[in-house]
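>>> attaching a predicted model along with its sequence, questions to come.
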2 protein chains.
Amino acid sequence: MKKIIGVLIFAILSISSFAENGHNLWLRNTGNKSVNVVCVKSSPTLNIAKQELKQGWQGVDDASVEFRVMADKAIKGDGFKLSQNAIQANTESGILYGVYELLRRQQTGEAVSDAVINPSYELRLLNHWDNLDGTIERGYAGLSIFWRKGEDALVVSNNDKVLWQEYARANASIGINGSVLNNVNASPDMLTIDILNRTKAIAEVLRPYGIKAYLSIKFSSPSMIGGLKTSDPLDPEVIKWWNAKAKEIYSMIPDFGGFLVKANSEGQPGPQDFGRTHADGANMLADALRPYGGIVMWRAFVYTPSSEDRAKQAYNEFTPLDGQFRDNVIIQVKNGPVDFQPREPFSPLFGAMKKTTVMPELQITQEYLGQSVHLVFLSTMWEEFLKSDTYQEGVGSTVARCTDGSIFPQKHSAIAGVSNIGLDANWCGHHFAQANWYAFGRLAWNNQLTSGQIADEWIKLTFQQSLKEANTKDWTENFLNPVIQMMMESWDATISYMMPLGLHHIFAGDHHYGPGPWYAPKGLRSDWTPPYYHKADSIGLGFDRTPTGSNATGQYHEPLQSQFDDVKTCPEKYLLWFHHLPWDYKMQNGKTLWNELCYRYDTGLQQVRQFQKVWDKVQPDVDQERFVQVQNKLREQCRNAQIWKDACLLYFQQFSQRPIPYDIERPVTDLGALIKNDMGRP
Amino acid sequence: MKKIIGVLIFAILSISSFAENGHNLWLRNTGNKSVNVVCVKSSPTLNIAKQELKQGWQGVDDASVEFRVMADKAIKGDGFKLSQNAIQANTESGILYGVYELLRRQQTGEAVSDAVINPSYELRLLNHWDNLDGTIERGYAGLSIFWRKGEDALVVSNNDKVLWQEYARANASIGINGSVLNNVNASPDMLTIDILNRTKAIAEVLRPYGIKAYLSIKFSSPSMIGGLKTSDPLDPEVIKWWNAKAKEIYSMIPDFGGFLVKANSEGQPGPQDFGRTHADGANMLADALRPYGGIVMWRAFVYTPSSEDRAKQAYNEFTPLDGQFRDNVIIQVKNGPVDFQPREPFSPLFGAMKKTTVMPELQITQEYLGQSVHLVFLSTMWEEFLKSDTYQEGVGSTVARCTDGSIFPQKHSAIAGVSNIGLDANWCGHHFAQANWYAFGRLAWNNQLTSGQIADEWIKLTFQQSLKEANTKDWTENFLNPVIQMMMESWDATISYMMPLGLHHIFAGDHHYGPGPWYAPKGLRSDWTPPYYHKADSIGLGFDRTPTGSNATGQYHEPLQSQFDDVKTCPEKYLLWFHHLPWDYKMQNGKTLWNELCYRYDTGLQQVRQFQKVWDKVQPDVDQERFVQVQNKLREQCRNAQIWKDACLLYFQQFSQRPIPYDIERPVTDLGALIKNDMGRP
């Protein structure tokens, strides 16, 4: 028996002589043609651009391409002008981006026509929630690539440099130009000389790829590591300390990007500890960084366990400060008003702060979306968000246009994504989570891209074995199209089996993985428990945020306010976000709310089963290693979807007292067992 | 939160003032009419008959029924003659059976027409695999009702007597007239005075219900408890010892039934230990019991780890002894040639021993069929078995007719079922497992009954709330018919998700619960490992028992031998029992063997999901307590079915190297995890 299995394993291993671990991301293609690069100047960045073009060229054999670093009014920031034989840009980074664009088009079969291609945002950043001990908050792909504990914590090894360079290259290839290297729940030690030295080493590897290093700082650093008695932002000693610290940093890292700050939020210190405002705090830091061109990104993710609806608090706290921030302060706002839930309406802060730079914070790491187990293509969520109309400056005031400089004349524009990478061989834990890193970069560069296009690009770059194969009709029909469809439906499926119809934050425990609508340990603040959000009772389900409830709808610009208030016009995807509705409320399709809820959960589960079929069918077109890993993850996702469905339906049924429609597949677990075996992170 | 749940639980508990625990089995109905019983004689048995009739009467009010204990040539053994106003029988037990038949007909709405109703078998026995310490081998419904360990092990309490009486009544109501009170793997202590005293107490409670007590004995008792140097059946001292022991027993229990013996089987001692034959051993015991009318049931369940196919060994060992047994020896043969597998062809011993009484041993406890978790109505299996044609004495030589005296003129006829009862409130662990106890009794009485009729009776007796309800069209359509259908399909479903197409014995470990086609610990005898039975390899699957293989087919009478040998005529339900076939063997429906295997496993899972729907739909027609218990069991069965499907398909796929057809729902677990988490008894 063992012998047979042994032989089988040997046979399987023998099939693929090359073990595909996914480390090469979307950068696996090498060219098969030669190209001459004409470039009068030499620099680290231009040299990289040259090398990349030669290595990846799949255009006309022996063609010539000229790099021109030359100002052009049509070209903005790091943009570039692309043609068959030339890339022109204002900056060296622009040339590099042009090279990656050219290669992408060659490799995906997109035509290279003459065009000026400018980025939507000036600053396109990854936020790493990496701790100095190497752990990553909400990281599901191994430990930090930047930090580690142990005797060699401060040693910059060759392996480190190779990994940082690979990281920089991947980012540059999709237009990312900044990295915040540590957790927003920052250690004060970040600003000590040892850590700054390591930051310097990282920054030097990132620099030629056009990427600036940023740090998250702890607002109380002056008292915690500076020996001061206070960290009051208006205290002269504190101001002096920060000025000196800025000077020190820039002496080491001349192009240092700036600070990201989580202040007076979830226990972090901040200016309010000293009776000051967010503006007082942010401006003090901004003044320290200003001489060197640095910026401050100040997070608006604030809420306290007050009687006020958590979803309203950031808006309440920040809108009164509009106009009070320095022009090198950017308010960093999560896409939704609560916290990266599977689906949220956009935060009402977007478009509402008209005299302040506001940047979106998206979450690439799937904290609330199945972590590195569930296949969820987040591009569709971000696309919905960016295209949401705030109406703040009339029809068409989308979140994208409110933040990218199209509408408001602020000095900066920026967007950040909370990274999903770690030391795992494939960077992201799940091979398909790479697509979210890719999509974030692509949308940060061009916030008008469609998710379908991004998926198409990413699949071609990540799974095609050669241009020849990619061009065959078979591969398109057998692999590309079904996998695109799966990715495009994946977010919707996850919403359905986790939190359909506007439900949110019904996870068990703080792992944010498995279902726990019942979760409410004694003594825990209520805004950290699911019943706060779903408000299930014998009458119905949902959070009333209309004027009869918390009136959070009042934070939205008309006509949204009225649209959300009226249950007849409120989009059903946000129904239970804004309304508490009776179990027999009639949905647009005629079903009762309870029945619709049941069908949604079941549909989500069925969709995952369909994804499994899609993936199993593409086996002939993918290497065994990635095939098996994704297959196993989908199996686990399917088990999880079943548990989500069972847990939520059985729990809510206690309140609805209605049967699950009998044509729906029945639960396979008991509520008691589910509550007992709270499904945490796997 | 907790408060709300508390209120809900209170509300649910308040709904049913009477907690229905299933303890009343199929005997829950009481009558609503009065009846006069005319009976000239008084006796414990007749008094019970009288009391039962009065208590359960639902016929014409104030009717009279006469009990007549009077010989009649048309009435055989414990049979009876039934009419509207009289029950006539040869024996007092016959009167009691007549009463139960009359009440059953009244309560199920079956007409009472004049008829003589005789039992198919003279001896209708339960075998209890109960140990003296109170555990039950292959018992899944709590500890023994007969034996316990501890200080009060020998105390006969009032509770004991009440329970034994309830047990006796339940058995009598379905015609069972004997109980073997202990495990076939018997303790020698069974024959010590303390245990015989307790046996006497049990026998006294059973007696008025027409039930005789039997014991399993250890063949080496003379040397183990008798102080002899040997247990050689031909040794005069041994013979003397058994004669004395029989005398002792009968002095205490004048109607003692006899011995059940597992000898030279799975480590148990037996006559072969002394160079004697099974006949030598059985006859010696039979001679000791003969003066008192006792019998010996000698089990044919023997096999050794030889090179001979396990399925052939019992036949090889016993057929040469045909004609050598005393007429009060009965050879007890399991239905199939291996061991109570989900489906086996009948044992070729049936009909082959023409000069020996052969009795079937059926297994009511679901050792290999999901234990007390899976809903499996075994009547369909037993019906298939009893109606199997052995062709031993021409067409129509069914197993039923070969064993019930229709064909062979042996003195006795008998049938045994390994009991599924224990101290659980509902006796059987699963409410629907009661149906198997019921069905065994009914088939033992009448081996021509159909499973549909038995299910119909049992459901009406067990779930109808009143005659009025049972007669309404709604109850029939909403409850009776769908539940009958579920029961009738349940065995087929379990075969499909466990071991379709003749697969057998592919459990992990010796718990006989979860799947383990891979299970083969180093050093374990191969006939205790699944690969011995499934023989999966790169070519195909199944056990070749044709002349090119073990030639077990040669033990069957023509035309069966030829029919089984030829893959074209071998019933597909036994295909892999008799043949090792290539993965691409074409089935009758045109599918390959591999694909058909996949569809069968999937169909089994889908069937269980359908059972869940059926059960959930009948909720309004059943008490909450039994509803919830069965609902929970079905959920677990569904999870188990999924694991069976995944485990077997993923394991066999290693050999078939073929994809699972893509229209089938995909596995949700990985083989590695399944092997690691060997699913034992829950």
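Perfect, I can see it now. Since we're looking at a predicted model, the values are computed, not measured. Numbering: from 1, shown residues only, chains lettered A, B, ... in the order given.

>>> the residue in the stretch 201-350 of chain A positioned nearest to chain B: what's its closest spatial neighbour, skipping adjacent residues?
Closest contact between the stretch 201-350 of chain A and chain B, by CB to the nearest CB, is at A:Pro305 (16.3 Å). C-beta coordinates here come from the backbone N, C-alpha and C atoms, glycine included. Once flanking residues are discounted, A:Pro305 sits nearest to A:Arg525: 4.2 Å by CB to CB, 6 or more residues apart in numbering or on different chains.

>>> pLDDT wise, what is that neighbour at?
With respect to pLDDT, A:Arg525 scores 91.

>>> what's the neighbour count on A:Gln371?
24 (other CB atoms under 10 Å in any protein chain shown).

>>> count of neighbours near the residue lying closest to it once chain neighbours are set aside?
Once flanking residues are discounted, A:Gln371 sits nearest to A:Tyr140: 4.2 Å by CB to CB, 6+ apart. Counted with other CB under 10 Å, the neighbours of A:Tyr140 add up to 22.

>>> assign A:Tyr140 to helix, strand or coil.
For A:Tyr140, the assignment made with DSSP: H, G, I helix; E, B strand; the rest coil gives coil.

>>> list the contacts for it?
Applying CB atoms under 8 Å, 6 or more residues apart in numbering or on different chains to A:Tyr140 gives the contacts A:365-366, A:371-373, A:420, A:422, A:429, A:681.

>>> can the residues you listed go into TSV with extra columns for secondary structure and distance to B:Arg401?
TSV is the format used below for these (DSSP: H, G, I helix; E, B strand; the rest coil; distance: CB to CB, whole Å):
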residue	secondary structure	distance to B:Arg401
A:Thr365	coil	72
A:Gln366	coil	67
A:Gln371	coil	64
A:Ser372	coil	65
A:Val373	coil	59
A:Asn420	coil	72
A:Gly422	coil	72
A:Gly429	coil	66
A:Arg681	coil	63
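
>>> what subset of those residues is buried?
Among the contacts of A:Tyr140, those classed as buried by 16 or more other CB atoms under 10 Å in any protein chain shown are A:365-366, A:371-373, A:420, A:422, A:429.

>>> of those residues, closest to B:Ala19?
The shortest gap between B:Ala19 and any of the buried ones among the contacts of A:Tyr140 belongs to A:Val373, at 41.9 Å (CB to CB).

>>> gap between that closest one and B:Ser93?
Shown here: A:Val373 relative to B:Ser93, a distance of 64 Å by CB to CB, to the nearest Å.

>>> check A:Ser216 too.
88 Å.

>>> do A:Trp164 as well
With CB to CB as the criterion, A:Trp164 and B:Ser93 are 90 Å apart.

>>> tally of neighbours for the residue nearest to A:Pro305?
Residues near A:Arg525, counting by other CB under 10 Å: 9.

>>> tell me the phi and psi of A:Ala425?
The phi/psi pair for A:Ala425 (degrees, to the nearest 10) reads phi -50, psi -40.

>>> and the residue of the stretch 501-650 of chain A nearest chain B?
A:Gln612 (3.8 Å).

>>> doesn't that residue lie inside a helix?
Yes: the assignment for A:Gln612 (three-state DSSP) places it in a helix.

>>> and it, how many neighbours does it have?
A:Gln612 has 23 neighbours, counted by other CB under 10 Å.

>>> need the contact list for it.
A:631, A:634-635, A:638, B:665-666, B:668.

>>> mark which of these are buried, thanks.
The buried subset of the contacts of A:Gln612 - by 16+ other CB under 10 Å - is A:631, A:634-635, A:638, B:665-666, B:668.

>>> looking at those, which one is closest to A:Leu234?
Taking the buried ones among the contacts of A:Gln612 together and measuring to A:Leu234 by CB to CB, the closest member is A:Leu634, at 54.9 Å.

>>> and the closest one, what element?
Using DSSP states H and E, A:Leu634 falls within helix A:624-656.

>>> all strands for the stretch 401-550 of chain A, in order.
In the stretch 401-550 of chain A, strands defined by DSSP state E, counting those that start in this stretch lie at A:414-418, A:540-541, listed in chain order.

>>> how about the stretch 1-150 of chain A?
Under DSSP E, counting those that start in this stretch, the stretch 1-150 of chain A gives strands at A:35-38, A:63-69, A:80-82, A:86-89, A:115-117, A:123-127.

>>> which of those strands is buried the deepest?
strand A:123-127 (a mean of 26; mean count of other CB atoms under 10 Å in any protein chain shown).

>>> what's in contact with the helix or strand just after that strand?
Per DSSP H and E, the first helix or strand lying C-terminal to strand A:123-127 is helix A:158-173. By CB under 8 Å, 6+ apart, the residues outside helix A:158-173 that reach it are A:23, A:25-27, A:48, A:93, A:96-97, A:100, A:104, A:126, A:145-146, A:177, A:179, A:201-202, A:205-206, A:208-211, A:421, A:427, A:437, A:441.

>>> which one of the contacts of A:Tyr140 sits closest to B:Gly405?
Looking across these and measuring by CB to CB, the closest to B:Gly405 is A:Val373, at 63.8 Å.

>>> I'm done for today, thanks for sticking with me.
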